[in-house]
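Asker: Quick check, what structure comes out for this input:
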Amino acid sequence: MKIKTYEKYNAVVVELKGDVMGGDDTKEFNQLLHKLIDEGKKNVIIDLSGVKFMNSSGLGMLISGLTTMKKENGNLKLANVGDKIESLLIITKLITIFETYESVDEAVKSLGE
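Answerer: A predicted model of the protein is given here:
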């Protein structure tokens, strides 16, 4: 998995690419979120458009990220959730926990509301 970040208005967009399988990637992802929190950046959009596959450990990584951001009164939203990942979220009932959006722009707009 590759992680790339950029800022868009009042949010930090975290692009995940490849297979999200947890493991070592989880540590890198959590370090990134803590670094953003330390910088006072508490609005995070996870762009999943480049994700081909996600397993349960990858889902756990996202749940952990959501928990981390919520503890700091932040936001973590998912954008560009593909059909496979969306069905994974529905099956695990996590669709009710994560806010999902069709695009990064929609997710960013939702922060202003």
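Asker: Listing request: residues of the chain with sub-threshold pLDDT.
Answerer: Applying pLDDT under 70 to the chain flags residues 113.
Asker: need the longest strand for it.
Answerer: For the chain, the strand with the greatest residue count under DSSP state E is strand 43-54.
Asker: Tell me which residue lies nearest the centroid of the chain.
Answerer: Note on the chain: the residue nearest the mean C-alpha position is Ile46, at 3.1 Å, using Cα atoms, centre = their mean.
Asker: give me the beta-bridge partners of it?
Answerer: Note on Ile46: beta-bridge partners by DSSP bridges are Val14, Leu78.
Asker: For it, give its distance to Met69.
Answerer: Ile46 sits 10 Å away from Met69 when distances are taken as Cβ to Cβ, to the nearest Å. Just so you know, the C-beta spots here come from the backbone N, C-alpha and C atoms, and that holds for glycine as well.
Asker: before we move on, back to that, check contacts around the residue nearest to the centre of the chain.
Answerer: Residues near Ile46 by Cβ atoms under 8 Å, 6 or more residues apart in numbering: Val14, Leu16, Leu62, Gly65, Leu76, Lys77, Leu78, Ala79.
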